[in-house]
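**Q** mind looking at a prediction? Sequence and model below.
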Amino acid sequence: MPSANHNAVYNSRIPQMRAWSSRFPRAACLCVLMLTHVPVILASDWRAPEEQLARKIAAATGPGAVTLEVVNRSSLSRPEDEAIRRGLSTELAALGVHFVNADQAAASVQITLSENLQSYVWVAEIHQGNNEASVVMVTTPRLGPPVVENSTVALTIQKTLLSTEENRILDVALLNGAPQHMILLEPESVVLLKLQDGRWQQEQSLPLSHSHPWPRDLRGRLALRKDHLFDAYLPGTFCRSLTTAPLALNCYDSDDPWPLGTDQSGLSAFFAPTRNFFTGALSPGIEKQTTVKAFYSAAMLPREKYKLWVFSTVDGQVHFLDGVTDQTAAKLGWGSDIASVRSGCGPGWQVLVTGNGDGAGESVTAFEIADREPIAVSHPAEFNGAITALWTDSDGTGAIAVSQNSETGRYEAYRLSIVCGH
Amino acid sequence: MRLTGFPLFVAISLFCALGGSAAARPPYGGTLHVEMRAAPTSLDPADASQPDWSGYRNLSSLMFDTLVSLDARGKPEPALATSWKAESGDQRWQFFLRRGVTFQDGAPVTPDVVAASLRRTNPSWKVFSEGEAVVIERDSPAPNLPLELSLARNAIARREGGKLSGTGPFAISQWNPGKKLSLVARDDYWGGRAFLDAIEIELGKSFGEQMISFDLGKTQLIEVAPEQAHRAIAEGRHIRSSAPIELIALVFGRDPQSPEDARQRQALALSIDRDLLSTVVLQGGGEPAGGLLPNWMTGYAFLFPTSIDLAAARQVRSEIPHTTSWTLGYDPADPTARVIAERIVLNARDAGMGMQITTASSADLRIVRLPLISIDPQIALNELASELGLPQAKSAFASTDDLYAAENKLLQSQRLIPLLHLRTANGMSNTVRNWRATRDGSWRMPNVWLAAEKP
């Protein structure tokens, strides 16, 4: 049975004390090779509960002939169900319980694979003669493996699963090097992971201090730096990684503007410290334009002689700013989050846009914008839940999308990139 | 490449342009209008006399926090307490408070205030402050104390000069006992300000009144009777239901007085057609119940039979020389209970037993609604036993087998016959967004936001 843990402590994670590898590059760049990262498939190991239940059944029936029926009333898949049936049969046979027809059996055993909120519950009802049925049961924790989907048609948005976490993931940065590293920005910590044997292993967790409560729909952004590893921007709070070893974080109250777009875009904007949007004040501005309506996200598209900035504003409109004009497009059906990606396909850059999200899942579609007219250039990439973050990565070759899986509730961080051709 | 697929992309563009509402980030602001059946005359979490437990719990969660809350799987997680630890074999617990939290009236949350709040709700507990911590000492080991502290009655309140103040996401702006509650979002809520600016709650509204208000667009969130949920969905309303979270049972006024009495109770249990009650009377708003706790909570509830077995009922009945003609009581304010009572009388007659329905309080047995007040099965079972005046099981179970044995023991007391597990249902307008359906029907209001009305 679940019970409250003795001595349970729920403070922030304790930082891992492992020091940075001296080979780890300070001046980090994004890791395009991460596209080849293969998601790990978690295989459940049912041997322990199988053994446990078999022992309990054998203790009740003793060695001998029984009939066995297994019923699945749980969310276990058919292959899992069948694997468990085989495992139970094997374990029972090893304990001297063999299976016969009903007319030859000394006992009948009905096993039900059930579940509750926290566990799978396997129940065996054992009937022997005219005695009242005896009941034995075992429990084993429920797990939720991550699900990865890939689009396969048209100009393709390629999704690569980077991490799944119970905690909300605000942003992710990938660092090139040997070994490869990844930084996760979470509400209460910055987590550093290392790619080892095809798996991301946590290397260090840095607590993130803040003096004010976070607003709801919390957002945050990581920016990789040349003179130190990274900066983290959160509402009303700024954190900078220190250059000393082991890695540490210095956080303080700050309304400094957050960078928009890529490292090279050169535009920042002020974020409302108690809300989930940018105020509209730009720094230093797009040419002479220093304000726009309050907005949720922005994307930059380089043009030959200027930069076109696209803003998804709080009032549901999309604004196009080029340093001179501010054109508005309404009813595009776009979501709140947009991010530009340098794909090299077509004109070179596309805008990724969150889409129609009334259902359990959500999607991201790539658009090209010719003369302020957005044209969809990919099929939507589907997600298993609401997208909570979409940021262009530091060098613009991809974007980080975070969605909350509507089935598991876990946050899934993906790197999105655009692949030319079908 | 792009040109070859151009028609496809145009189609996608059009779809995106003409599609439904976009996945917009949640906007802050707006007032949510709610109607409820509950008509509490007090908002004090320590007041155990409120009849509509589910509604009261949801109201309480808007204004008050507990030290510990439960996650979706029933595991304790930090709320006003950020950490805790047990000592002395789980008899002594220390809870460390979240720093910087204030009550609605601006007073800081201190160990002294928290201890006073918990003492008021639990007079038998020894609760006191010790430095930064609140210490709770129990007479016997209490390994599930964090789970107990997640119950709504253990919400922390400050009572000063006759005024009640909580730490919850909303502050009371107007309170007309039993009639109306107005709340405003707290900008300084420790969990982050709610998206809504305000909530206006009309209390004491029947299901029928709520539905009329909803259809007239006067309210955006209502409760829907479980038996009306399917119909409401069929009529195009947006309904969210919980998992089965309320037990309807026949509860006897006393233990069996003789072996014949016990046999007659057994015959009655076998004669009841719970499937018909579930599908016809409740229109799928509940599930047949053979045990006290639903299967989603325990994983073993299917072991308790729910099917009618009239032949067995008649057989048991035939072994009783003289049966008693029982009176079956029900709450006259509960029309569903009356229909259930009438069906049970017919079932009993089919098994050869006489029974009469009554609204008098002196009935031999009554139809009773018993809320399962925690998604943790141990807490829920013990609270049920307490509610029924039955001996509570030991405070913690080492395994699911133990829990099953304890539930079985309560059933074998024959003080009650489970009938149905009911869901709770809410109807909400299309403007209510980010409503997270919870297993137990509890609200997660700080995350709810309002979309603009479509023209």
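**A** Happy to help now that I have it. What you see is a predicted model, and the numbers here were worked out from it, not measured in a lab. Numbers count the residues shown, from 1 in each chain, chains lettered A, B, ... in the order given.
**Q** from here on, contacts and neighbour counts on C-alpha atoms
**A** Noted.
**Q** extract the residue ranges of chain A that are flagged as low pLDDT.
**A** A:1-44, A:143-155, A:356-361, A:371, A:421-422 (pLDDT under 70).
**Q** domain assignment for it?
**A** Domain assignment for chain A by automatic domain parsing gives A:47-141, A:145-419.
**Q** how about CSV for those, with distance to chain B and mean neighbour count added?
**A** Listed next are these as CSV, based on distance: least, Cα to the nearest Cα, whole Å; neighbours: other Cα atoms under 10 Å in any protein chain shown:
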stretch, distance to chain B, mean neighbour count
domain A:47-141, 5, 18
domain A:145-419, 4, 20
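**Q** of the ones you listed, which is nearest residue B:280?
**A** domain A:47-141 (24.6 Å; Cα to Cα).
**Q** centre of the chain to that closest one, how far?
**A** Computed by Cα atoms, centre = their mean, to the nearest Å, the chain-centroid distance of domain A:47-141 equals 37 Å.
**Q** on that earlier part again, of the domains of chain A, which approaches residue B:338 most closely?
**A** Residue B:338 sits nearest to domain A:47-141 of all these, at 32.4 Å, using Cα to Cα.
**Q** end to end, how far does that closest one reach?
**A** In terms of Cα to Cα, to the nearest Å, the two terminal residues of domain A:47-141 are separated by 13 Å.
**Q** confirm for me that residue B:169 is in contact with residue B:448.
**A** No. In this structure, residue B:169 is not within contact of residue B:448 by Cα atoms under 8 Å, at 11.9 Å.
**Q** now do the shared contacts for those two.
**A** residue B:194 (Cα atoms under 8 Å, 6 or more residues apart in numbering or on different chains).
**Q** of these two, who's got more company?
**A** More neighbours surround residue B:169 than the other of residue B:169 and residue B:448, with 25 against 20 (other Cα atoms under 10 Å in any protein chain shown).
**Q** the more buried one and chain A, how far apart?
**A** Per Cα to the nearest Cα, to the nearest Å, residue B:169 is found 11 Å from chain A.
**Q** again, but for residue B:391
**A** 20 Å.
**Q** per-residue pLDDT, that residue?
**A** Listed pLDDT for residue B:391 reads 79.
**Q** longest helix in chain B, please.
**A** helix B:335-350 (DSSP state H).
**Q** what segments of the stretch 351-455 of chain B are strands?
**A** B:355-358, B:365-371, B:416-422, B:425-428, B:432-433, B:449-450 (DSSP state E, counting those that start in this stretch).
**Q** which strands and helices sit next to the fourth one?
**A** Read that as strand B:425-428. For strand B:425-428, the elements it packs on are strand B:221-224, strand B:239-241, judged by 3 or more Cα pairs under 8 Å, 6 or more residues apart in numbering or on different chains; DSSP states H and E.
**Q** out of those, deepest packed?
**A** Of all those, strand B:221-224 has the most neighbours on average by mean count of other Cα atoms under 10 Å in any protein chain shown, namely a mean of 25.
**Q** who's in contact with it?
**A** Contacts for strand B:221-224 (Cα under 8 Å, 6+ apart): B:32-37, B:207, B:210-211, B:214, B:424-429, B:432.
**Q** if we use 7 Å, what do you get?
**A** With Cα atoms under 7 Å, 6 or more residues apart in numbering or on different chains as the contact definition, strand B:221-224 has outside contacts at B:33-36, B:207, B:210, B:425-429.
**Q** restricted to buried residues, select those in PyMOL.
**A** The PyMOL command for the buried members of the contacts of strand B:221-224 (criterion: 16 or more other Cα atoms under 10 Å in any protein chain shown) is given here:
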select buried, chain B and resi 33+34+35+36+207+210+425+426+427+428+429
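**Q** pretty sure residue A:51 sits against residue A:90.
**A** No. Between residue A:51 and residue A:90 there is no contact under Cα atoms under 7 Å: 9.2 Å.
**Q** stretch B:186-194 and chain A in contact?
**A** Yes. Interface with chain A: stretch B:186-194 contributes B:190-194 (Cα under 7 Å from any Cα of the partner chain).
**Q** from the residues you listed, which is closest to residue B:235?
**A** Nearest to residue B:235 among those, with distances taken as Cα to Cα, is residue B:194, at 31.5 Å.
**Q** excluding its backbone neighbours, what's nearest the closest one?
**A** For residue B:194, ignoring the flanking residues on the chain, the nearest one in space by Cα to Cα, 6 or more residues apart in numbering or on different chains is residue B:446 at 4.2 Å.
**Q** let me see the contact set for the one you found.
**A** Residue B:446 touches B:169, B:194-195, counting by Cα under 7 Å, 6+ apart.
**Q** quick revisit: by mean pLDDT, show me the worst of the helices and strands packed on strand B:425-428.
**A** Note on the helices and strands packed on strand B:425-428: strand B:239-241 shows the lowest mean pLDDT, a mean of 87.
**Q** for that one, which strands pair with it and how are they oriented?
**A** Sheet pairing of strand B:239-241 (DSSP bridges) gives strand B:425-428 (antiparallel).
**Q** so what touches the partner strand?
**A** B:220-226, B:229, B:237-242.
**Q** just those residues now: which is nearest chain A?
**A** residue B:238 (13.0 Å; Cα to the nearest Cα).
**Q** could you measure the closest one against residue B:427, distance?
**A** 6 Å.
**Q** pull up the overlap in contacts between the two.
**A** Listed contacts common to residue B:238 and residue B:427 are nil; contacts here mean Cα under 7 Å, 6+ apart.
**Q** please identify which residue in chain B comes closest to chain A.
**A** Closest point on chain B to chain A, by Cα to the nearest Cα, is residue B:85, at 3.9 Å.
**Q** does that residue have beta-bridge partners, and which?
**A** For residue B:85, the beta-bridge partners are residue B:94 (DSSP bridges).
**Q** surely it meets residue B:94?
**A** Yes. With contacts counted by Cα under 7 Å, residue B:85 reaches residue B:94, the gap being 5.4 Å.
**Q** show me which of these two is the more surrounded one.
**A** residue B:94 (22 against 18).
**Q** list the residues that contact that one.
**A** Taking Cα under 7 Å, 6+ apart, we find residue B:94 in contact with B:84-86, B:133-136.
**Q** CSV for these, including distance to residue A:301?
**A** Shown next, in CSV, are the contacts of residue B:94 (distance: Cα to Cα, whole Å):
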residue, distance to residue A:301
B:84, 51
B:85, 54
B:86, 58
B:133, 55
B:134, 56
B:135, 59
B:136, 60
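**Q** ok, and the helix or strand in chain B with the lowest average confidence?
**A** helix B:6-18 (a mean of 37; mean pLDDT, DSSP states H and E).
**Q** next helix or strand past it?
**A** Next helix or strand after helix B:6-18 toward the C-terminus (DSSP states H and E): strand B:31-35.
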